[in-house]
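K.L.:
below is the sequence, then the predicted model.
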There are 2 protein chains.
Amino acid sequence: MSIMHPPTQFDQPAPVLEANHPCGDCIVRCKAICSVLDSDELKAFRRTGATIRLAPGETLFYEDDPARSVYSLTRGMLRLTKILPDGRRQIADFLFPGDFLGLTLEEGHSFSAEAVTEVEVCQFSTARFQAFATTHPQLERRLFALAAHELAATRQQVLRLGRKSAMERIASFLMMLANRDRDVPVSPEGRLMVVLPMSRTDIGDYLGLRIETISREFSAMKAQGLIRLVSTQRVEILDPERLEAIAAGEALPERSLCAH
Amino acid sequence: MSIMHPPTQFDQPAPVLEANHPCGDCIVRCKAICSVLDSDELKAFRRTGATIRLAPGETLFYEDDPARSVYSLTRGMLRLTKILPDGRRQIADFLFPGDFLGLTLEEGHSFSAEAVTEVEVCQFSTARFQAFATTHPQLERRLFALAAHELAATRQQVLRLGRKSAMERIASFLMMLANRDRDVPVSPEGRLMVVLPMSRTDIGDYLGLRIETISREFSAMKAQGLIRLVSTQRVEILDPERLEAIAAGEALPERSLCAH
DNA sequence: CGAGCGATTGATCGCCATCAAAGTGGGTGG
DNA sequence: CCACCCACTTTGATGGCGATCAATCGCTCG
């Protein structure tokens, strides 16, 4: 998952489209990979692709499947997962509308992609996409920008998993979600609201923790007045500064469960 | 660190260079970013850069330093580190000759880069490098390939840190090193030999473990006949199949310290 | 209203961290 | 050449965080 939206120089208004353009009502036009294409390019590009819809839990592709398609996520949330032979699972990333996936230099995909919520993606043949990219340098530059951004975000994840405590990981995760859609996240009273479309199991598998630990730390955070659990899927952030400090590893341990 | 060398389609013989070409004796010519350039391009490119040498422990740049240069590592090993306020350290990656670093879309670097061994890098101004890339599409394609490759390797690291035990992490680390230079690594008797130029502290900070754990697991592996500790910096792999199985999470726990 | 699944809470365990001490090896100076 | 030093590694003893096992809660749906 990106730390936040890709750098703003790419969040530019995309070229205006004529009426009836196949991408005319695309929600992620300004963010997606296609934003660097002009109207005609985009139309040509779009014709080479299909739209796929997935229900929650459905799989877009499996790890090691031959990588014959690339995808642009237009609606919903995907998770990228890796599984160990004994069933241990790691979620490498959550993907949001505008994210791009599936381009690899190896033969097969290096992770599975599954729908967390209802999902809609644009699908393109890898071969045709690459041919198209070769003739559109700005698309290649955009590809690199996306990869570089993902890489930076994934290295943040490495820091989280390698060196942060359970509460720090969760705080970090919440702040990341809170920072990503600065548009949606305010409660009626103007407080930061984070939506968690994924299950506790997913959060655990993303943060390298068990679901019980996720639950316990959420409860501890609630007890400390850091957050409010509006519902299972909605968290209100009551103290963003302190939560951010915890996420950054700046806060005193303050034992989560110490009563004695 | 790459899982292994970048895909072979890029490991092509680089164009032959005339005598006295400034890159004529470059060790990493076939692997580095420059491999996509022909002789004249390369000469023009090289003139824009400088050579920097670092002693072990010296820093090439710090996290959050403005990113004004990019680098190609020609000799030695670098580590990319992130530090938490209280001193906890995570090594995001080890870099080898032929690796490229420093290109980011943010203002500053997202990690520090320090020399593990004696190091030599080619330095280029970011601005000039980007201008040069704009006019050399094959360079941009190569950049994307490197980023994509790094991203896949970093996601492997996420799996290691999120879901693998101490011994699995170390086995995985050893096999990664063993697979990376298939050229160097055989002992006189034809067995797999891995060189560890970095300290135990570095290994620990890469794998999210303490140095005591690294030592203990090395000893346990030795006791199980998996490896032989030739010296602090040299490990002979005695049972690659089983070590690979452990690395992949396929092996039974086989309690490391269970005597009773 | 009951079934069933996910989330929460509780009790205990075990892996790895921490604290501590001893071993090793390389470099320096007498 | 050898004694000493210092940094790094290894080994040992103990503790704590998060995992595991287990029970309860709460919501959704039939």
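P.N.:
That came through, no problem.
K.L.:
relative to the whole chain's centre, how far out is stretch A:56-76?
P.N.:
14 Å (CA atoms, centre = their mean, to the nearest Å).
K.L.:
same question for stretch A:66-79.
P.N.:
That offset, for stretch A:66-79, works out to 12 Å (CA atoms, centre = their mean).
K.L.:
next, the distance between the ends of that stretch.
P.N.:
Stretch A:66-79 has an end-to-end distance of 19 Å (CA to CA, to the nearest Å).
K.L.:
how about the secondary structure of A:I214?
P.N.:
Of the three states, A:I214 takes helix under DSSP: H, G, I helix; E, B strand; the rest coil.
K.L.:
that one against A:Y206, yeah?
P.N.:
No: the criterion here is CB atoms under 8 Å, and A:I214 misses it with A:Y206 at 9.8 Å. In short, each C-beta sits where N, CA and C put it, glycine included.
K.L.:
comparing these two, which residue is more hemmed in?
P.N.:
Of the pair A:I214 and A:Y206, A:Y206 is the one with more neighbours under other CB atoms under 10 Å in any protein chain shown, namely 27 against 22.
K.L.:
which pLDDT value goes with that one?
P.N.:
Note for A:Y206: predicted pLDDT of 98.
K.L.:
do the same with A:K82
P.N.:
Looking at A:K82, its pLDDT reads 98.
K.L.:
now do the same contact list for it.
P.N.:
A:63, A:89-90, A:92, A:110-112, B:155, B:159 (CB atoms under 8 Å, 6 or more residues apart in numbering or on different chains).
K.L.:
can you give me the helices in the stretch 51-200 of chain A?
P.N.:
Under the criterion DSSP state H, counting those that start in this stretch, helices of the stretch 51-200 of chain A are mapped to A:126-134, A:137-163, A:166-180, A:200-207.
K.L.:
and of those, who's closest to B:L196?
P.N.:
Closest to B:L196 of the helices of the stretch 51-200 of chain A is helix A:137-163 (CB to CB; 18.4 Å).
K.L.:
flag every residue of the stretch 151-260 of chain A that's near chain B.
P.N.:
The stretch 151-260 of chain A has residues A:151-152, A:154-159, A:161-164, A:205-208, A:248-250 near chain B, with proximity defined as CB under 8 Å from any CB of the partner chain.
K.L.:
pull out the buried members of those.
P.N.:
Applying 16 or more other CB atoms under 10 Å in any protein chain shown to these, the neighbour count classes A:151-152, A:154-159, A:161-164, A:205-208, A:249 as buried.
K.L.:
give me the subset of the residues you listed touching DNA strand D.
P.N.:
A:G208 (CB under 7 Å from any atom of the strand).
K.L.:
tabulate the helices of the stretch 51-200 of chain A (CSV), appending distance to DNA strand C.
P.N.:
Below are these laid out as CSV (distance: least, CB to the nearest atom of the strand, whole Å):
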stretch, distance to DNA strand C
helix A:126-134, 33
helix A:137-163, 9
helix A:166-180, 11
helix A:200-207, 4
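K.L.:
which of these has the lowest average pLDDT?
P.N.:
Among the helices of the stretch 51-200 of chain A, helix A:126-134 scores lowest, at a mean of 90.
K.L.:
which positions within that one qualify as buried?
P.N.:
Using 16+ other CB under 10 Å as the test for burial, helix A:126-134 gives A:129-130, A:132-133.
K.L.:
for the contacts of A:K82, work out which two are farthest apart.
P.N.:
Most distant of the contacts of A:K82, by CB to CB, are A:R89 and A:S110, 14.7 Å apart.
K.L.:
what's near enough to touch the one residue in the stretch 1-150 of chain A that gets nearest to DNA strand D?
P.N.:
Per CB to the nearest atom of the strand, A:R88 is where the stretch 1-150 of chain A lies closest to DNA strand D, at 8.3 Å. Going by CB under 8 Å, 6+ apart, A:R88 touches B:163-164, B:249.
K.L.:
recalculate using a threshold of 6 Å.
P.N.:
A:R88 makes contact with B:R163, according to CB atoms under 6 Å, 6 or more residues apart in numbering or on different chains.
K.L.:
then the one 3 residues further on?
P.N.:
Contacts of A:I91 were listed using CB under 6 Å, 6+ apart, and they are A:79, A:81, A:205-206.
K.L.:
likewise for A:M167?
P.N.:
A:E217.
K.L.:
what about it, distance to DNA strand D?
P.N.:
Remark: distance between A:M167 and DNA strand D (CB to the nearest atom of the strand, to the nearest Å) = 6 Å.
K.L.:
A:I246: how many residues sit nearby?
P.N.:
For A:I246, the neighbour count with other CB under 10 Å is 27.
K.L.:
right, I'll call it a day here.
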